[in-house]
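In: this one's sequence-less:
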């Protein structure tokens with residue numbers, strides 16, 4: 001029996017095996033979530049700061065505004081869906097048992113690696129459609145301006161000599 005008591009006292013006197021601190025993990029996870037929510041605030045501000053000057057300069061053209069709205073909608077959907085995934089991570093139930101918390105935290109963290117297909121579609125289709133719409137309008141405006149320039153030169157070359165002759169004839173009478 002003495003050996004059992006010796007083993008028990010030896011076992012109770014040993015320090016716990018070094019391991020990962022749960023408090024440190026939870027703190028790191030919360031810091032990760034706060035950091036990324038701050039990043040989304042910066043991303044949103046960047047999108048607004050990029051689109052606002054365009055809106056100011058293009059506000060007189062309904063087609064340009066429609067293109068800008070497509071760009072803004074695509075960016076907003078992408079930011080919202082990505083933000084929602086990070087917010088779900090930040091709202092993990094930190095008080096649950098580790099058996100439930102850890103697998104859910106791992107799953108949510110891994111889901112951040114690959115964006116959802118709807119995010120990719122919104123990110124690609126919204127801006128592409130909007131910018132293409134604006135490019136077609138700009139192309140149409142450039143074509144009209146080029147047409148006016150060609151018309152002015154043709155007028156000078158073809159009609160101005162006739163006008164000069166008519167004015168000279170009028171001055172003779």
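Out: Thanks, I have the structure now. Computed from a prediction, not measured in an experiment: that's the story for all the values here.
In: Contact partners for the residue positioned nearest the centre of the chain?
Out: To find the centre residue of the chain, average its C-alpha atoms and take the closest one (CA atoms, centre = their mean): that gives residue 75, at 4.2 Å. Neighbouring residues of residue 75 by CB atoms under 8 Å, 6 or more residues apart in numbering: 47, 51, 122, 123, 126, 127. (C-beta placed from N, C-alpha, C; glycine too.)
In: again, 7 Å this time
Out: 47, 126, 127 (CB atoms under 7 Å, 6 or more residues apart in numbering).
In: cool, residue 112 as well?
Out: Neighbouring residues of residue 112 by CB under 7 Å, 6+ apart: 85, 86.
In: ok, now residue 162?
Out: Residues counted as contacts of residue 162 (CB under 7 Å, 6+ apart): none.
In: Ramachandran angles for residue 118?
Out: The phi and psi torsions at residue 118 (degrees, to the nearest 10) take the values phi -70, psi -30.
In: And the pLDDT at it?
Out: In this model, residue 118 is scored at 71, pLDDT.
In: Count the residues that sit near the closest residue to it other than its chain neighbours.
Out: For residue 118, ignoring the flanking residues on the chain, the nearest one in space by CB to CB, 6 or more residues apart in numbering is residue 81 at 6.4 Å. Here the count is done by other CB atoms under 10 Å, and residue 81 has 15 residues near it.
In: which residues does residue 35 contact?
Out: Per CB under 7 Å, 6+ apart, neighbours of residue 35: none.
In: That one: which element?
Out: Assigned by DSSP states H and E, residue 35 belongs to helix 22-58.
In: That helix: how far from the chain's middle?
Out: Relative to the mean C-alpha coordinate of its chain, helix 22-58 is positioned 10 Å out (CA atoms, centre = their mean, to the nearest Å).
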